[in-house]
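Visitor: give me coordinates for this.
(4 chains)
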Protein chains: 4
Amino acid sequence: MTDKSQQFASDNYSGICPEAWKAMAQANQGHQRAYGDDQWTERAAEHFRTLFETDCEVFFAFNGTAANSLALASLCQSYHSVICSETAHVETDECGAPEFFSNGSKLLTAASVGGKLTPESIREVALKRQDIHYPKPRVVTITQATEVGTVYRPEELKAISATCKDLGLNLHMDGARFANACAFLGCSPAELTWKAGVDVLCFGGTKNGMAVGEAILFFNRELAEDFDYRCKQAGQLASKMRFLSAPWVGLLEDGAWLRHAEHANQCAQLLASLVSDLPGVQLMFPVQANGVFLQLPELVLEALRARGWRFYTFIGSGGARFMCSWDTEQDRVRELAADIRAIISG
Amino acid sequence: MTDKSQQFASDNYSGICPEAWKAMAQANQGHQRAYGDDQWTERAAEHFRTLFETDCEVFFAFNGTAANSLALASLCQSYHSVICSETAHVETDECGAPEFFSNGSKLLTAASVGGKLTPESIREVALKRQDIHYPKPRVVTITQATEVGTVYRPEELKAISATCKDLGLNLHMDGARFANACAFLGCSPAELTWKAGVDVLCFGGTKNGMAVGEAILFFNRELAEDFDYRCKQAGQLASKMRFLSAPWVGLLEDGAWLRHAEHANQCAQLLASLVSDLPGVQLMFPVQANGVFLQLPELVLEALRARGWRFYTFIGSGGARFMCSWDTEQDRVRELAADIRAIISG
Amino acid sequence: MTDKSQQFASDNYSGICPEAWKAMAQANQGHQRAYGDDQWTERAAEHFRTLFETDCEVFFAFNGTAANSLALASLCQSYHSVICSETAHVETDECGAPEFFSNGSKLLTAASVGGKLTPESIREVALKRQDIHYPKPRVVTITQATEVGTVYRPEELKAISATCKDLGLNLHMDGARFANACAFLGCSPAELTWKAGVDVLCFGGTKNGMAVGEAILFFNRELAEDFDYRCKQAGQLASKMRFLSAPWVGLLEDGAWLRHAEHANQCAQLLASLVSDLPGVQLMFPVQANGVFLQLPELVLEALRARGWRFYTFIGSGGARFMCSWDTEQDRVRELAADIRAIISG
Amino acid sequence: MTDKSQQFASDNYSGICPEAWKAMAQANQGHQRAYGDDQWTERAAEHFRTLFETDCEVFFAFNGTAANSLALASLCQSYHSVICSETAHVETDECGAPEFFSNGSKLLTAASVGGKLTPESIREVALKRQDIHYPKPRVVTITQATEVGTVYRPEELKAISATCKDLGLNLHMDGARFANACAFLGCSPAELTWKAGVDVLCFGGTKNGMAVGEAILFFNRELAEDFDYRCKQAGQLASKMRFLSAPWVGLLEDGAWLRHAEHANQCAQLLASLVSDLPGVQLMFPVQANGVFLQLPELVLEALRARGWRFYTFIGSGGARFMCSWDTEQDRVRELAADIRAIISG
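Guide: Here you go, the predicted model:
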């Protein structure tokens, strides 16, 4: 049993899942070619192509900051701009990484509904300015599942990609929690990406049980030209690449990636179901992935902290985020819910 | 017994050493704070401070490309220049990473002797141009051990740092194989860095038995201002940082870092001793670390390849590099030497 | 008499004033050293030092985009951020230039009152986030006169600079229309800059009657270290520098810079006085420099355009900007006012 | 008569030629649209299209540093490399500007003969490395006329462009002294550019008699996509653009660009003819443009300086560069030659 204080703060507080660990152990045999020219990397790439039912280009980066920033940089030039939600991680929590990797591409925030961009909000920002004094929109980035725990349905994605096509914009998906979206919707990875018009996906491994590492999938292969050089120059080419790719084999070969996401989602649903009927408690967003956002009175938040729980409150006044992960214990969920209930009753 | 073909191609073809693996396993317990705010990261930093006998600032990056490029970028502005050897890894094998991270700092190559810069060669480049049309030299970077397997002795380092101080230059050390230099010289890490005037060291972990990761040590703490932000923006802040830092604890707590280096060095010495007296074989550089550079007839190289050996030949005509690592088997060294002997005799 | 259509669209639609032209003609004698090592450049710098009553560092750049972006880049690193008004030119009309020159520094927009930042709005943005995932605020940039034609009074500037000092922020002033602010307030350039705590000023020459060129004045000389290299690398060092600096001599030596600004301001006041009492006409901002922002019914705007007038309407719904310049003819102002009056009466 | 000391130091020590001046005076009438949306800019672009006999895309930048750097940046990405001569201005005298504008593209120097690249030297560098650790060559840049006063003939250009096409490289021409090359060869601008396979030309105006300004001509129009945004973001879009473009109209409409170049070339020929037969004097390069490079004994150089002459000696030991410009006086050439003769005889 682990220290409860860190259980719901973030899904990257979790460790390495058994499947990833086992694959790393297997990969740790003897010498292997470096820089991705090894069998594990080839196997991982093949697993992605099978899972996504398409011959996509696959690259591996160390973390989401780099994966998303490199992908965006490959989709535009420095004088172009990237349309994103005002709650998008690339805008709010990457310390200017997209601007750094692209050498200056500006992020333009568009209005979102439940953390999701809409064709209308994209169109409004894309068409706001057409003059040379404003960076030309060239990319739309959406997060699936979103930063507030909601998901885009296939028809929403298709409407967005149609808008992008109409406006000459590339479509990028930040999939730090892509597995959770697949789990919630019961859709195939293909349905939520290239079949819906997504050009590039950054598929998150870290939050899904890996130690480190994200995969970048180009469904539009032309956009991947020389992307390997881009990764190398930007410090994202691992020499012992097998230790980044083998865990993917572990996650993908028997469906662990989806099981873990389903588990985390269920924990989130459980938490929501246990507290959402309490007086003074309000779900800020529908629970569609592994996060629960609760509007709670400040006194309740303080009491929760006093009981040792840790969580972030960066969204709105009084809002608290509780994140579940692949290894969240249901008993802990119940304990948290009981504490909330007790505090509110008390 | 492993496939011989990959044994001597590169020291990053090796896997994860037991000490690093064990620490990762220990770190993989329950939830931990992310982004370096965990106990393993603090412990690793403390180990570095103890080992280097000074209160240095310690940061962790994913690989050497990033560690060195970020360090150099922190030591100069885009309109400054970096003096390095013409064989320096940052110049020859980083795909423009230093220029990318610094947004344009030019590398100026200086003549080297046995892969090593000298006060004279530094001075010559630093003073060649003083006008505004040429990027102002601001940093010297040296590699310890060098790319050709030689090492800088403390008095050489002191002479270089004195020259740097005289010319207003910061001194950076690329320590991808720093452990091998310590092992060869029998010097303490402090003697080979800050006591000799080095401002910043990038201490390589990957070649020393880790899966991934390098440490950046600022002995001049003022130069480290906001370096954590720099790492974050550049995609080098691991969320599950403990898996980058715990292996360092494993390597440092009982001296494994030095044992591994000593072993690799001994393998290199063994190889050199077994073949250097052969006719037609010539040591291109003194063997002071874990690499052996042999001048061999092209026919011999071909015959070696035909027998399944892999090695790089990027230095000069006919030169072949054989790298030993923490897990190189001495039997394999003898087998390689025997093959060289047999081919030359044949 | 010139085509009325272009008279009020922008103050950079104007040409070269006689004083600047004459100085260029005088400078065009024989050969002169290049890259600023000439007498005109030295004279211009001296004039600035005399005018500002301080031994500031003076540099010349080709335009405001570059002058402001280079100045901001010198005040922060790529992982820092710049606080500006949401109407700041650097945010709205520079196509990502500040982000490009700084290699990624994010602009953080703060609320403004009448186009002006306040200590409170700066403080709010500067203290909003203190974590490593958000670019650290390091600079505040204010525009004097602002983009909506208002000016900061000395006491407002002092309050802002005190806030900056308190928060560890550098203070930059975009002075594209600095002369107009001086003219309106009757303050000396020193009172509106270093005496009020401004670190760096970009003094606009183009809108003040020059063909091309801005001056960058560092009152905090330490911040100017190697700024000449920065300009050179960024393509902002003119070879025939005398043609950038001589016009400044023409503008500064007999006070033309201030006369031109006074004239433009008076034209703006005249326009405002002639139309502000009309029904349906509303001054959007107090007229304190050379711009008049009128809230007009859409039908009136269309009628004005039909009569041949050109103006921008980028601020709010129905707002029209009329800019006066050093060479605006008062008859044209009266003609415009008469047309507005006629349309509204009609 | 002007001060002799500055006459031969550099061709950018010269002033504004009458044709450019007159055009600027004419352009300085009333108000004009800004940012290139004016009649002078359209006229200048048309003149270029007529002169080059093709419908090229034309842009204007403030100086050669920016024009060349922006053009190169548009031809490659940061992880690509640019092949140039080791004497290329972009390599030796731009303070890292190409690296800055491209965000890190490395310049790879190739051997040159008489300052000129050859198909062989290009091929050697382009094929030296094919791995991901080395920036992928993507552009070749040549200077016409070269930095040592030689010119590429059409057949040389065609051989180079064929090599580029074969290797997948774009071909850029730095034409700071393009007019001088045309004048020497008697070739049309078209013959020396797009007809010979050049993709982009930076046509120098400053050294040809303008105050400021270069033109960038894309013969391959696809490569010019969004180049206007690139210029704007990089601080190279003039607000009062007419003062950059009108001088071009002055230079191009009656052939002044070529007359000035012919004059400068003739002065260089005159100087060479007057001194090349002297004992101890050696022409370092054939005189094909407006520069004369003389190998002179150090004592002679000192004596020349003592007599008040200024010149650069940055090429080899004892080499002195004497540059002629559009306004060089033949009497001054004779005076310089006489002084050299006298010193050597003395």
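
Visitor: how far away is A:Val287 from chain C?
Guide: Distance from A:Val287 to chain C, counting by Cβ to the nearest Cβ, to the nearest Å: 24 Å. Placement of C-beta: from N, CA and C, glycine included.

Visitor: sorry, wrong one. I was asking about A:Thr150.
Guide: Distance of A:Thr150 to chain C, given as Cβ to the nearest Cβ: 21 Å.

Visitor: my read: that residue touches A:Leu117, true?
Guide: No - counting by Cβ atoms under 8 Å, A:Thr150 does not reach A:Leu117; the two are 11.4 Å apart.

Visitor: residues near A:Phe311, how many?
Guide: 22 (other Cβ atoms under 10 Å in any protein chain shown).

Visitor: ok, now how distant is it from A:Gln282?
Guide: Remark: distance between A:Phe311 and A:Gln282 (Cβ to Cβ, to the nearest Å) = 16 Å.

Visitor: can you give me the helices in chain A?
Guide: With DSSP state H applied, chain A shows helices at A:18-27, A:39-52, A:64-75, A:89-92, A:97-101, A:119-128, A:154-167, A:178-185, A:227-233, A:242-253, A:256-275, A:298-306, A:330-345, listed in chain order.

Visitor: and stretch A:324-338, which residues are buried?
Guide: Buried positions in stretch A:324-338, judged by neighbour count with 16 or more other Cβ atoms under 10 Å in any protein chain shown: A:Cys324, A:Ser325, A:Trp326, A:Asp327, A:Thr328, A:Arg332, A:Val333, A:Leu336, A:Ala337.

Visitor: chain center to it: distance?
Guide: Centroid separation for stretch A:324-338 versus its chain: 21 Å, with Cα atoms, centre = their mean, to the nearest Å.

Visitor: next: stretch A:292-299.
Guide: 23 Å.

Visitor: tell me how many other residues surround A:Gly168.
Guide: If you count neighbours by other Cβ under 10 Å, A:Gly168 ends up with 10.

Visitor: chain D contacts on chain A?
Guide: A:35, A:77-80, A:103-104, A:132-133, A:135-136, A:226, A:228-230, A:232-233, A:237 (Cβ under 8 Å from any Cβ of the partner chain).

Visitor: and the residues you listed, which of them are in strands?
Guide: Per DSSP state E, strands hold the following members of the residues of chain A next to chain D: A:His80, A:Lys136.

Visitor: A:Leu278 contacts A:Ile340, correct?
Guide: Yes - shown here, A:Leu278 and A:Ile340 form a contact pair, counting by Cβ under 8 Å, at 6.8 Å.

Visitor: comparing those two, which residue is more hemmed in?
Guide: Under the criterion of other Cβ under 10 Å, the comparison of A:Leu278 against A:Ile340 puts A:Ile340 first, with 25 against 17.

Visitor: thought that one was touching A:Leu304?
Guide: Yes - assessed by Cβ under 8 Å, A:Ile340 is found in contact with A:Leu304 at 6.8 Å.

Visitor: identify the contacts common to those two.
Guide: A:Leu296 (Cβ atoms under 8 Å, 6 or more residues apart in numbering or on different chains).

Visitor: got the end-to-end distance for stretch A:81-91?
Guide: Stretch A:81-91 has its terminal residues 12 Å apart, counting by Cα to Cα, to the nearest Å.

Visitor: are that stretch and chain C in contact anywhere?
Guide: Yes - using Cβ under 8 Å from any Cβ, stretch A:81-91 reaches chain C at A:Ser81.

Visitor: ok, the residue lying closest to A:Ser69 once chain neighbours are set aside to C:Gly96 distance?
Guide: For A:Ser69, ignoring the flanking residues on the chain, the nearest one in space by Cβ to Cβ, 6 or more residues apart in numbering or on different chains is A:Phe101 at 3.9 Å. Distance, A:Phe101 to C:Gly96, by Cβ to Cβ: 14 Å.

Visitor: likewise for A:Cys202?
Guide: As for A:Cys202, its distance to C:Gly96 is 23 Å (criterion: Cβ to Cβ).

Visitor: same question, A:Gly36
Guide: In terms of Cβ to Cβ, A:Gly36 sits 33 Å off from C:Gly96.

Visitor: which one of the two has more residues nearby?
Guide: C:Gly96 (29 against 24).

Visitor: tell me the pLDDT at that one?
Guide: Note on C:Gly96: pLDDT of 98.

Visitor: the buried residues of stretch A:324-338: which two are farthest apart?
Guide: In terms of Cβ to Cβ, those reach their longest pairwise distance at A:Trp326 and A:Ala337, which sit 19.8 Å apart.

Visitor: now stretch A:210-225: mean pLDDT?
Guide: Here stretch A:210-225 scores 97 as its mean pLDDT.

Visitor: let's see it as PDB, backbone CA atoms only.
Guide: Output in PDB follows, covering the C-alpha atoms of stretch A:210-225 (Å, rounded to 0.1, in the frame of the first residue of the first chain):
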ATOM      1  CA  MET A 210       6.300   3.600 -19.200                       C
ATOM      2  CA  ALA A 211       9.400   5.100 -17.500                       C
ATOM      3  CA  VAL A 212      10.000   7.600 -20.200                       C
ATOM      4  CA  GLY A 213       9.000   8.000 -23.800                       C
ATOM      5  CA  GLU A 214       6.400   9.000 -26.300                       C
ATOM      6  CA  ALA A 215       5.700   7.900 -29.900                       C
ATOM      7  CA  ILE A 216       5.100  10.200 -32.800                       C
ATOM      8  CA  LEU A 217       3.000   8.800 -35.600                       C
ATOM      9  CA  PHE A 218       2.800  10.500 -39.000                       C
ATOM     10  CA  PHE A 219      -0.200   9.200 -40.900                       C
ATOM     11  CA  ASN A 220       0.600  11.700 -43.600                       C
ATOM     12  CA  ARG A 221       4.000  10.300 -44.400                       C
ATOM     13  CA  GLU A 222       5.100  13.300 -46.500                       C
ATOM     14  CA  LEU A 223       5.100  15.400 -43.400                       C
ATOM     15  CA  ALA A 224       7.600  13.100 -41.800                       C
ATOM     16  CA  GLU A 225      10.400  14.000 -44.300                       C
END
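
Visitor: near chain B, anything from that stretch?
Guide: Yes - counting by Cβ under 8 Å from any Cβ, chain B is contacted by stretch A:210-225 at A:Ala211, A:Val212.

Visitor: for that stretch, buried residues please.
Guide: By 16+ other Cβ under 10 Å, the buried positions in stretch A:210-225 come out as A:210-220, A:223-224.

Visitor: and for stretch A:279-288?
Guide: A:Val281, A:Met284, A:Phe285, A:Val287, A:Gln288.

Visitor: could these be laid out in TSV, adding distance to D:Cys267 and pLDDT?
Guide: Below are the buried residues of stretch A:279-288 laid out as TSV (distance: Cβ to Cβ, whole Å; pLDDT from 0 to 100):
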residue	distance to D:Cys267	pLDDT
A:Val281	88	94
A:Met284	78	95
A:Phe285	77	96
A:Val287	82	98
A:Gln288	78	98
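
Visitor: turn those into JSON lines, columns for distance to C:Ala23.
Guide: What follows is the buried residues of stretch A:279-288, written out as JSON lines (distance: Cβ to Cβ, whole Å):
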{"residue": "A:Val281", "distance to C:Ala23": "73"}
{"residue": "A:Met284", "distance to C:Ala23": "64"}
{"residue": "A:Phe285", "distance to C:Ala23": "64"}
{"residue": "A:Val287", "distance to C:Ala23": "70"}
{"residue": "A:Gln288", "distance to C:Ala23": "68"}
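
Visitor: nearest to chain B among the residues you listed?
Guide: A:Val287 (20.7 Å; Cβ to the nearest Cβ).
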